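**Q** Sequence and predicted model, in that order:
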Amino acid sequence: MSGWPAPIEWVPGRSRWPWLVGYLAIFSSTLVTAELAIYPGLSWAGITFMSPKLTLIVQLAAIAITVGPSMLWMNLVPVPAHRLGLSPEGVVIDYGLRSERFSWDRTSLRGMRLEVLSPWLGLRSSYSLTPYQAGRVTYLRPVPR
């Protein structure tokens, strides 16, 4: 039975809706603020918006300005782990339509925050855990030798 995957214990967690609402609030408010800052500034400079190309450039600039605060939100505020799978092989993060596996050597638990390191790009992601999830990760995680 060595070819079979290890059994996974699924541990329920919190909903991602508050995190998504916060992200969309940051994204939309920054986008509106950027557009409201760019249009009057260009109008003050005497540039009119009759050209579709200029309107497109302004819209793309507003989106580019929005990327910074959105990335800051994604890096500083951990995503709640809605459903966490634990096995002897590692951690499984369930995203609903897909799931992603991380071996134990690519994970670290810091309080209630689970940090995982992507095997492909080497990017660090953090997930907010419930007290029960953090307890299960602490209990099931193998002791490093």
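**A** Everything's here; your move.

**Q** chain center to the longest helix belonging to the chain: distance?
**A** Ranked by residue count under DSSP state H, the longest helix found in the chain is helix 17-44. From the chain centre to the centre of helix 17-44 is a distance of 19 Å (C-alpha atoms, centre = their mean, to the nearest Å).

**Q** Just give me the residue right at the centre of this structure.
**A** Met74 (4.9 Å; C-alpha atoms, centre = their mean).

**Q** The host helix or strand of it vs helix 17-44, what angle?
**A** According to DSSP states H and E, Met74 maps onto helix 52-76. Helix 52-76 and helix 17-44 are oriented at 140 degrees to each other (axes from the mean of the first three to the mean of the last three C-alpha atoms, to 10 degrees).

**Q** Adjacent strands (with direction) for whatever helix or strand comes next after helix 52-76?
**A** Per DSSP H and E, the first helix or strand lying C-terminal to helix 52-76 is strand 79-80. Sheet pairing of strand 79-80 (DSSP bridges) gives strand 124-128 (parallel).

**Q** In the strand it pairs with, which residues are buried?
**A** 125-128 (16 or more other C-beta atoms under 10 Å). The C-beta positions use only the backbone N, C-alpha and C, and glycine is treated the same way.

**Q** Likewise for stretch 79-91?
**A** 79-82, 84-86, 90-91.

**Q** Tabulate those residues (TSV), appending distance to Ala6.
**A** Converted to TSV, these look like this (distance: C-beta to C-beta, whole Å):
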residue	distance to Ala6
Val79	25
Pro80	25
Ala81	19
His82	22
Leu84	15
Gly85	10
Leu86	10
Gly90	9
Val91	12
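
**Q** Quick one: neighbours of Glu115, just the number.
**A** Neighbour count for Glu115, taken as other C-beta atoms under 10 Å: 15.

**Q** List the residues that contact it.
**A** 107-109, 124-127 (C-beta atoms under 8 Å, 6 or more residues apart in numbering).

**Q** Same question for Asp105.
**A** Taking C-beta under 8 Å, 6+ apart, we find Asp105 in contact with no residue.

**Q** Relative to Ile8, how far out is it?
**A** 18 Å (C-beta to C-beta, to the nearest Å).

**Q** Over to Ile57?
**A** When Ile57 is compared with Ile8 (using C-beta to C-beta), they lie 49 Å apart.
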